[in-house]
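Novice: here you go, sequence then predicted model.
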Amino acid sequence: MKIDTKKEIVKDLNERFVKSEVVILTDCKGLNVAKINLLRTKLRNAEVEYKVVKKTLLIRACQNTDVSIIEDSFKGPCAVAIGYGDPVVPAKVLMDFSKEYEDLDIKVGVMNGKRLDTDSIRALSSLPSREILLSQLASALNAVPTSLARVLTNVPERLVNVLTALKEQKEAA
């Protein structure tokens, strides 16, 4: 590969790392081309990029980015999943794929400048997506005023019931 091509790849990857919300490093040495293409398709459908890159280029591309904290994990054949939106999505797709194809080894990841080990990525993948969390929050926020309105309408009804009972009790006495 020519030096100009390598410089272009490094520059492009560096820009992608800067824009990313989450980067997950995988070891794909056991996967054949068909499996890698299947994984790429699944990730592309989830709006996640998957790049197989030489580790020397990865080391240069991660300079001055959050990804540099996982530089020590760039060993052997490496591939990176780069997510720009919901960080749960790449983790979920990779974990599901690694359960189906054990040849995919999820090494480490980076999210918001913090290193994610395999257990953290597994925990991230078990979270609901951003849209589901937002809808749950909206329903919780909607439930509070609704409950308050019910309580406030019950107070006058109960007061009337108490007054009616007192009236009946006085009339009986």
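Specialist: Sure, I can see it.
Novice: okay, helices next: where are they in the protein?
Specialist: Assigned by DSSP state H, the helices in the chain fall at 3-19, 33-45, 55-61, 88-100, 118-126, 130-172.
Novice: how about the contacts made by the most centrally placed residue in the chain?
Specialist: Using C-alpha atoms, centre = their mean, the residue of the chain that lies closest to the mean C-alpha position is V88, 1.5 Å off. Applying C-beta atoms under 8 Å, 6 or more residues apart in numbering, we find V88 in contact with L124, S125, L127, P128, S129, R130. Backbone N, C-alpha and C define where each C-beta goes, glycine included.
Novice: buried members of the residues you listed into PyMOL, please.
Specialist: Selecting only the buried entries of the contacts of V88 in PyMOL, with 16 or more other C-beta atoms under 10 Å as the criterion:
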select buried, resi 124+125
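Novice: what's the farthest-apart pair in the contacts of V88?
Specialist: Taking C-beta to C-beta, the two most distant members of the contacts of V88 are S125 and R130; they sit 13.5 Å apart.
Novice: rewinding a little: distance of the residue nearest to the centre of the chain relative to E49?
Specialist: Between V88 and E49 the distance is 16 Å, computed by C-beta to C-beta, to the nearest Å.
Novice: next one: R16
Specialist: From R16 over to E49 the distance is 7 Å, taken as C-beta to C-beta.
Novice: anything in contact with each of those two?
Specialist: With C-beta under 8 Å, 6+ apart as the test, R16 and E49 both reach I82.
Novice: so which of the helices of the chain is nearest V80?
Specialist: helix 55-61 (7.1 Å).
Novice: list the buried residues for that closest one?
Specialist: Applying 16+ other C-beta under 10 Å to helix 55-61 flags L57, L58, I59, R60, A61 as buried.
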